[in-house]
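**Q** My questions concern the predicted model and sequence given below.
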Amino acid sequence: MDFLADKRYYSILIGQSAIYLNTVNATELRYFGTDGIRGHVGDVCVNPEFILKLGWAFGKVLTADGQKAHVLIGKDTRISGYMLESALEAGFSAAGVDIHLLGPMPTPAVAYLTRTLRAKAGIVISASHNPYNDNGIKFFSAEGCKLSNDVELAIERMLDEPLVTVDSNHLGKAIRIIDAPGRYIEFCKHAISTQISLAGLKIVVDCANGATYHIAPNVYRELGAEVIELAVKPNGFNINADCGSTQPAALQSAVLDVGADVGIALDGDGDRIIMIDANGEIVDGDELLFIIAKHLHRAGTLRGGVVGTVMSNVGMERAFQDLEIPFIRTDVGDRHIARQLHQLQWQLGGESSGHIIHLGFNQTGDGIVAGLLVLAAMGMARQPLAKLKQGMCKFPQVTCNLQTYHAQTVLKSARLQKDIQAIISSFDQNTRALIRSSGTEPVIRVMVESSEPQLLHAAMDRLTDVIRESIKQSEPAVANSD
């Protein structure tokens, strides 16, 4: 469907849904956001007392059928991970659930190992791309998928119950899985054909001082590439600090300095990727998704179409139209992409931020695997990354984050919605805006996209001015109600 030519769809996104709210999280879930539970360390949801109770509550949900269960726990490299890991372990043990500890492991690795080790669930202690003083908990089902809203609601209901420890003879035991990194490295290497070698490629790999530091360089190196490592010395405090997929300036410089063919930037927990071409230019998630889809389509191995989100660039949608590849949009978040892929029985989807899912390999975004798929496309086409992305012409896009701890309240303001609608009604048909509350940070995210670059900043200024004013007016009201 042509996102701009179809006036019905355009009017829905730009009109009634210009303000985008996750209504399930807003009205029913108290703690779960877009991707598990996340916050500042020491706050109400990210402290030892709450996390212990959370582990117990999830354990009680997992054992509601009376069957013994075991779970996997992985983490990224934040200093707070030790504290939260111990609290989770105690909570699960009190509920009678065995715990298998993986240590520092990427989020997609935990999803994969949850399936292969036949665990009842997988848990990742991570705040993804956030700074070190944030942390959170991500959950996976036995199939390696993000939890459904029903299961999240069941956990939250159990949090309201008193914590009762099982008898001592039923307490959960904890063991450490020492070969987890090796298992995941081998899994990643099998994402591309054994006929494909990375020999001759010089790659700079930025691991964001996060969970992939001991894995990603080895994957690409063992497949034949010359690897220059960047941000692979985590100390508990430097995760995502001036490095990784959200801050790629150092990687861009390194690619140019060493004359690399490509740079790969992962985020703190390894479920996001962006890449840098040999010219030092950023290749974002939309462009990577386009490159992978085009490669699989031409190889005859793309099942169905591609799922994007409301944030996906219109230029990608039009490029898929030219290739006659079906494309649909869903809510922001890789859990929504995965759910839509399953419903349609498609395989490939992703976000501009770099979450890319291929259900043939994993049930969640996997940065290392996505990087391998792009490198395979480069090898098969015998073209550099800069050439492969040329088939997609991105619409210029600007984004802005406005900090507030009351995003849902602000965006529900009837006055604000009226003001935003008045601004958006002045846009031409090649301009769109999206305003939404973040599910991972205390911010309102504003995006404006247009085929006319000169319109972008004026439109952004008008929108952010009215939102800032609404934030200013709402926060005293919220404080008084407390």
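**A** Looks like it came in fine.
**Q** Skipping adjacent residues, who's closest to the residue positioned nearest the centre of the chain in space?
**A** The residue lying closest to the centre of the chain (CA atoms, centre = their mean) is His355, at 4.9 Å. Counting by CB to CB, 6 or more residues apart in numbering, His355 lies nearest to Gly365, which is 3.5 Å off, once chain neighbours are set aside. Every residue, glycine included, has its C-beta placed from N, CA and C.
**Q** list the contacts for the one you found?
**A** Under the criterion of CB atoms under 8 Å, 6 or more residues apart in numbering, the neighbours of Gly365 are 107-108, 271-272, 334, 350-351, 354-357.
**Q** Pick the one among the residues you listed closest to Ile215.
**A** Pro108 (10.4 Å; CB to CB).
**Q** Surely the closest one is within a strand?
**A** No. Pro108: not assigned to a strand; according to DSSP: H, G, I helix; E, B strand; the rest coil it is helix.
**Q** Wasn't Ser352 part of a strand?
**A** No. Secondary structure of Ser352 (three-state DSSP): coil, not part of a strand.
**Q** what's the pLDDT at it?
**A** On pLDDT, Ser352 comes in at 93.
**Q** backbone phi and psi for His129, please?
**A** For His129, the backbone dihedrals (degrees, to the nearest 10) come out as phi -90, psi 0.
**Q** same deal with Ile178?
**A** phi -90, psi -20.
**Q** so what are the domain limits for this protein?
**A** Per automatic domain parsing, the domain ranges recorded for the chain read 9-21+395-481, 32-182, 198-281, 284-393.
**Q** May I see those domains organised as a markdown table, with distance to Ala191 added?
**A** Putting the domains of the chain into a markdown table (distance: least, CB to CB, whole Å) gives the following:
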| stretch | distance to Ala191 |
| --- | --- |
| domain 9-21+395-481 | 26 |
| domain 32-182 | 11 |
| domain 198-281 | 9 |
| domain 284-393 | 5 |
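**Q** Quick one: closest of the ones you listed to His190.
**A** Short answer: domain 284-393, nearest of the domains of the chain by CB to CB, at 8.4 Å.
**Q** Look at the residue nearest to His355 and tell me its secondary structure.
**A** Secondary structure assignment for Gly365 (three-state DSSP): coil.
**Q** From Asp419, how far out is it?
**A** 35 Å (CB to CB, to the nearest Å).
**Q** Please apply the same query to Ala94.
**A** Distance, Ala94 to Asp419, by CB to CB: 50 Å.
**Q** Repeat that for Arg303.
**A** In terms of CB to CB, Arg303 sits 44 Å off from Asp419.
**Q** Over to Asp267?
**A** Using CB to CB, Asp267 is found at 34 Å from Asp419.
**Q** The two: which has the busier surroundings?
**A** More crowded of Asp267 and Asp419, by other CB atoms under 10 Å: Asp267, with 34 against 18.
**Q** The more buried one contacts Gly244, doesn't it?
**A** Yes. Counting by CB atoms under 8 Å, Asp267 does reach Gly244; the two are 5.2 Å apart.
**Q** what touches both of these two?
**A** With CB under 8 Å, 6+ apart as the test, Asp267 and Gly244 both reach 129, 208, 210.
**Q** how about the first one, what does it touch?
**A** Residues near His129 by CB under 8 Å, 6+ apart: 208, 240, 244-246, 267-268, 272.
**Q** now with 6 Å?
**A** 240, 246, 267-268 (CB atoms under 6 Å, 6 or more residues apart in numbering).
**Q** all helices of the stretch 51-200 of the chain, in order?
**A** 80-94, 107-116, 149-159, 180-189 (DSSP state H, counting those that start in this stretch).
**Q** pLDDT weak spots in the stretch 351-482 of the chain?
**A** Along the stretch 351-482 of the chain, segments meeting pLDDT under 70 span 475-482.
**Q** how does it look with 50?
**A** Across the stretch 351-482 of the chain, the ranges flagged by pLDDT under 50 are 478-482.
**Q** quick one, strands of it?
**A** Counting by DSSP state E, counting those that start in this stretch, residue ranges of the strands within the stretch 351-482 of the chain are 356-358, 397-403, 431-437, 443-450.
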